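Engineer: need a structure here:
(chains A, B, C and D)
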There are 2 protein chains.
Amino acid sequence: MMISMKTKYALKALAVLAESRKRGALQISELASSENIPKKFLEAILLTLRNQGVLASKKGPGGGYTLAVEPAALTIGKIVRAFEGDLAPVQCLGDASPAKCAECADMGTCGVRLVMADVKTAVCAVLDRTTLADMIERSEHERQKSLKLLDYAI
Amino acid sequence: MMISMKTKYALKALAVLAESRKRGALQISELASSENIPKKFLEAILLTLRNQGVLASKKGPGGGYTLAVEPAALTIGKIVRAFEGDLAPVQCLGDASPAKCAECADMGTCGVRLVMADVKTAVCAVLDRTTLADMIERSEHERQKSLKLLDYAI
DNA sequence: CCATTTGTCTATATTTTCTATAGACTATAA
DNA sequence: TTATAGTCTATAGAAAATATAGACAAATGG
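Structural biologist: Have a look, this model is predicted:
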């Protein structure tokens, strides 16, 4: 039930892009080194996000990537789905056809499917109500908290 | 974000064991053929469940597996964790040490971690409030519904 | 005790997925 | 026209999931 490195790297890169979007485009290599992501790997990740309409890119000197949507309008669900597919815990809850588990005799009455449908609903609820802006805000909030703690210590 | 075949097979086998527990032990081969599970693979799965205290086994003629706990006292969460580990979407939310993602600079303020903590909470909530008995009941409920539909059709 | 049945355990094969890299190609700016 | 930076296809390498083989141990009934 883990998310892949691709998803994790994507979220981290998008957070950086969101925070620096006033300052114009960021290049793959800048993002890669600032977040410790293998450059060639990140390349493929950013390309996926671009093809999903999440990022815009510009080639040549001074080029790079910029967010194509407002951080407050971009859900974490959209990003995660770009790499993990529909968030189905079992095949028979997916959008793809045939959306059926090969080994299952009767999808309609399968108990596993019924329970996992609840899991999928719960996961989607969290990811679809949380935006990139929310994620960044929460991260910033934690940073402030730890700074305050440091103040008190001194 | 899919569950493994092991988990799926385990849930199916446990449902059969729960429903036939008045009639005594079931053998691996019976379970394997009734649920279309490779016998040797199921063997390993049942062994895991036995070591978790979920199943009891008996060797020799007339032997086999029986549930060691009441279906209403056995949560789906316990079963899923036996095969998927703690349900952490990212390493840094796991119980294992070091519970830290190798590539992450600051776990305390990581936005990905904060969001995924919500996901983990949501998944655990569903799986820990649902028991094997619930799962079977819901499955039975669906069966009744489809029987009624058949009645109306005739 | 013997023979048969059934679970236990260790090792390994097979397949698939994830992670990462290589290198040729295209567009842009100065 | 040269250097820069993204695009695209292919593939290598590592890890995990799925599945199987075979020797072993315990129980049962005669």
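Engineer: Residues of chain A that sit close to DNA strand C?
Structural biologist: Selection of chain A residues close to DNA strand C by CB under 7 Å from any atom of the strand yields A:4-6, A:38-41, A:43-44, A:58-63. C-betas here are computed from N, CA, C, even on glycine.
Engineer: So which of those sit within strands?
Structural biologist: A:K58 (DSSP state E).
Engineer: May I ask which two of the residues of chain A next to DNA strand C are separated the most?
Structural biologist: Spatial extent of the residues of chain A next to DNA strand C (CB to CB) is set by the pair A:S4 and A:P61 at 32.8 Å.
Engineer: Write a PyMOL command that selects only the buried members of the residues of chain A next to DNA strand C.
Structural biologist: Restricted to buried positions by 16 or more other CB atoms under 10 Å in any protein chain shown, the PyMOL selection for these reads:
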select buried, chain A and resi 5+6
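Engineer: Can you tell me which of the residues of chain A next to DNA strand C lies closest to A:V115?
Structural biologist: Among the residues of chain A next to DNA strand C, and counting by CB to CB, the member closest to A:V115 is A:S4, at 23.9 Å.
Engineer: Number of residues surrounding the residue nearest to that closest one when sequence neighbours are not counted?
Structural biologist: Spatial nearest neighbour of A:S4, chain neighbours left out: A:F83 (6.0 Å); criterion: CB to CB, 6 or more residues apart in numbering or on different chains. Neighbourhood size, A:F83 [other CB atoms under 10 Å in any protein chain shown]: 19.
Engineer: which residues of chain A fall in helices?
Structural biologist: A:5-19, A:28-35, A:39-51, A:76-84, A:111-129, A:132-153 (DSSP state H).
Engineer: mind checking which of the ones you listed is nearest B:L17?
Structural biologist: Closest among the helices of chain A, once you apply CB to CB, is helix A:111-129, at 12.9 Å.
Engineer: Output the contacting helices and strands for the closest one.
Structural biologist: For helix A:111-129, the packing partners by 3 or more CB pairs under 8 Å, 6 or more residues apart in numbering or on different chains; DSSP states H and E come out as helix A:76-84, helix B:5-19, helix B:111-129, helix B:132-153.
Engineer: could you dump those to JSON lines with mean pLDDT?
Structural biologist: Formatted as JSON lines, the helices and strands packed on helix A:111-129 follow (pLDDT from 0 to 100):
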{"stretch": "helix A:76-84", "mean pLDDT": "98"}
{"stretch": "helix B:5-19", "mean pLDDT": "98"}
{"stretch": "helix B:111-129", "mean pLDDT": "98"}
{"stretch": "helix B:132-153", "mean pLDDT": "90"}
